[in-house]
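In: sharing a model that was predicted from the sequence below.
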Amino acid sequence: MSCALCISYDPYCNSCNYTQCANCINHYYMNSSHNCAACNTTFDALCDQCNITTCSGCSFGYGLNGTSCFSCSSYFNNCNDCNNITNCTSCMISYSLTAGSCILCSIKFQGCLTCSTVNCNACNTTYALNHSNWLCVSCQTAINGCLTCPNITVCTSCIDSSHYLLANTCHLCNSTLSNCYFCSNNVTCTQCLDSYFVNGNNSCQNCSSLTNYCISCTSTQCLNCIKNLYILL
């Protein structure tokens, strides 16, 4: 046995069995002789499914209203395709089909970027997809101090400069670098807590080490003293 093209039965045949054409391409219908006949030219130009008397379906992105084809977007917001004026059948990306209408994925599923009717498929950058329930979990919930993450175990950036990223996890600057408020990594402080300054070793040093009773300073001079004392110029 060998394979033969369906168009050997009819040039407009879309599928067939070994004896005859089974259905026709768009804009054609199967007549009683199992031949493909063109849809009536009086039908809407966007009609691509028909029988001998009526249009039964329209081109993608259009729905059937009586015998006329209309743009789905004229009846439904964010709809790709529809079959009539009451039922959208396919939504644009980032929207979910719910009861014949399109709902933004981030409204149906918190933090969701793209979704199906029942599941989130991808989350925005500050959320990660939990594959156990197909819902989005905020990166900060999954990984303490995390802002962006591709999954629930790997962080790619931290919420602010009071944290640094190391081994896919965020750490508080002050937990590694004593008296440090902001840092760029686990060995470099960029801003210290009050009464401390960043010294030449990129660590925090007490202002009182520059001048006794100093409570605010730069790396080279005292700016403020404790109460009842003043800076002697």
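Out: In hand now; what should we look at?

In: break down the chain into its helices, ranges please.
Out: Under the criterion DSSP state H, the chain contains helices at 105-108, 139-142, 173-176.

In: and those, which is most packed in?
Out: For these, average neighbour numbers computed from mean count of other CB atoms under 10 Å are highest in helix 139-142, which has a mean of 20. Glycine gets a C-beta too; all of them are placed from N, C-alpha and C.

In: in JSON lines: the helices of the chain, plus distance to residue 114 and mean pLDDT.
Out: Listed next are those as JSON lines, based on distance: least, CB to CB, whole Å; pLDDT from 0 to 100:
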{"stretch": "helix 105-108", "distance to residue 114": "6", "mean pLDDT": "94"}
{"stretch": "helix 139-142", "distance to residue 114": "18", "mean pLDDT": "96"}
{"stretch": "helix 173-176", "distance to residue 114": "36", "mean pLDDT": "95"}
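
In: got those as JSON lines, with distance to residue 196 columns?
Out: Supplementary listing: the helices of the chain in JSON lines, determined by distance: least, CB to CB, whole Å:
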{"stretch": "helix 105-108", "distance to residue 196": "42"}
{"stretch": "helix 139-142", "distance to residue 196": "27"}
{"stretch": "helix 173-176", "distance to residue 196": "11"}
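
In: if I pick residue 125, what's in contact with it?
Out: For residue 125, the residues meeting the contact criterion (CB atoms under 8 Å, 6 or more residues apart in numbering) are residue 148.

In: what about 10 Å?
Out: Residue 125 makes contact with 111, 113, 139, 147, 148, 149, 150, 156, 157, according to CB atoms under 10 Å, 6 or more residues apart in numbering.

In: ok, of these, which come out buried?
Out: With neighbours counted using 16 or more other CB atoms under 10 Å, these contain these buried positions: 111, 113, 139, 147, 148, 149.

In: does the third one touch residue 129 like I think?
Out: Put plainly, it is residue 139. No. Between residue 139 and residue 129 no contact is recorded; they are 11.3 Å apart, counting by CB atoms under 10 Å.

In: shared neighbours, those two?
Out: Residues touching both residue 139 and residue 129 (CB under 10 Å, 6+ apart): 111, 123, 150, 151, 152.

In: just the residues you listed: which are in strands?
Out: residue 123 (DSSP state E).

In: in JSON lines, list the shared contacts of residue 139 and residue 129 along with pLDDT and distance to residue 182.
Out: Rendered in JSON lines, the data for those read as follows (pLDDT from 0 to 100; distance: CB to CB, whole Å):
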{"residue": "111", "pLDDT": "97", "distance to residue 182": "27"}
{"residue": "123", "pLDDT": "97", "distance to residue 182": "28"}
{"residue": "150", "pLDDT": "95", "distance to residue 182": "25"}
{"residue": "151", "pLDDT": "95", "distance to residue 182": "27"}
{"residue": "152", "pLDDT": "94", "distance to residue 182": "27"}
